[in-house]
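J.: Have a look at this fold, sequence not included:
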């Protein structure tokens with residue numbers, strides 16, 4: 001597909017910044033969350049309330065010349081569900097629509113990067129034909145296609161939260177603020193202790 005190599009979070013961040021669609025601080029934080037904690041860039045922006053998924057999907061379709069499709073409007077072929085591993089679909093929130101020879105038609109959750117698509121194509125010997133879709137719609141359709149998706153999603157969210165806490169504590173160690181935080185916590189702990197008897 002022409003121009004698909006331009007599908008990167010950094011390029012989307014540039015477009016968002018140029019159009020003034022999202023505050024620059026939110027863009028920076030979303031890129032950081034993706035880099036440090038593995039949170040998808042578009043999902044961080046939408047979950048943070050910085051832009052609606054509709055507006056973001058419209059921006060992606062217009063700027064990357066990609067088609068839009070609501071996954072639930074397509075009669076999903078059984079062969080497409082088996083063409084790519086289920087966990088890969090879960091991880092990238094991809095809805096498989098159809099298979100034509102070596103081409104796998106999928107709906108992305110607004111956008112996934114070219115690097116991810118290239119890796120999937122190489123590892124699974126296929127060509128991806130992506131449509132832009134909505135995060136909420138893809139979650140709904142994946143839940144209908146795979147009954148274990150909600151449990152996987154819940155487990156993944158907990159794993160990311162634990163990972164974020166671990167990375168956060170590593171980031172704090174070694175900086176001066178952590179000394180003050182530890183001192184503040186020690187004072188709070190002594191104030192909460194049992195009151196002395198009179």
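T.: Thanks, I have the structure now. Computed from a prediction, not measured in an experiment: that's the story for all the values here.

J.: going forward, measure contacts and count neighbours with C-alpha atoms only.
T.: Fine.

J.: Output the contacting helices and strands for the biggest helix by length in the chain.
T.: Counting by DSSP state H, the longest helix found in the chain is helix 149-172. In this structure, helix 149-172 makes packing contacts with helix 24-37, helix 86-92, helix 135-145, judged by 3 or more C-alpha pairs under 8 Å, 6 or more residues apart in numbering; DSSP states H and E.

J.: Residue 155 is nearest to which of those helices?
T.: Counting by C-alpha to C-alpha, residue 155 lies closest to helix 86-92 out of these; the figure is 11.6 Å.

J.: what residues does the closest one touch?
T.: 95-96, 108-109, 112, 142, 149, 152-153 (C-alpha atoms under 8 Å, 6 or more residues apart in numbering).

J.: on that earlier part again, mind giving me TSV with the helices and strands packed on helix 149-172 and columns for mean neighbour count, distance to residue 163 and mean pLDDT?
T.: Listed next are the helices and strands packed on helix 149-172 as TSV, based on neighbours: other C-alpha atoms under 10 Å; distance: least, C-alpha to C-alpha, whole Å; pLDDT from 0 to 100:
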stretch	mean neighbour count	distance to residue 163	mean pLDDT
helix 24-37	16	7	90
helix 86-92	15	16	95
helix 135-145	18	22	96
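
J.: got a list of what the closest residue to residue 4 other than its chain neighbours touches?
T.: Spatial nearest neighbour of residue 4, excluding adjacent residues (C-alpha to C-alpha, 6 or more residues apart in numbering): residue 114 at 6.4 Å. By C-alpha under 8 Å, 6+ apart, residue 114 lies in contact with 4-8.

J.: Buried residues of stretch 11-24, list them for me.
T.: For stretch 11-24, burial by neighbour count (16 or more other C-alpha atoms under 10 Å) applies to 12-13, 15-16, 21-22.

J.: Among these, which lie within helices?
T.: Short answer: those in helices (DSSP H) are 12-13, 15-16.

J.: And those, which is closest to residue 165?
T.: Distances from residue 165 to these, taken as C-alpha to C-alpha, are shortest for residue 13 (25.6 Å).

J.: average pLDDT for stretch 95-104?
T.: Averaging pLDDT along stretch 95-104 yields 96.

J.: Show me where the protein dips below the pLDDT cut-off.
T.: 1-3, 167-198 (pLDDT under 70).

J.: With distance to residue 121 as added columns, please give the helices and strands packed on helix 149-172 in TSV.
T.: Shown next, in TSV, are these (distance: least, C-alpha to C-alpha, whole Å):
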stretch	distance to residue 121
helix 24-37	22
helix 86-92	12
helix 135-145	20
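
J.: nearest to residue 100, of those helices?
T.: helix 86-92 (18.0 Å).

J.: Next, report how far the closest one is displaced from the centre of its chain.
T.: Relative to its chain's centre, helix 86-92 lies at 12 Å (C-alpha atoms, centre = their mean, to the nearest Å).
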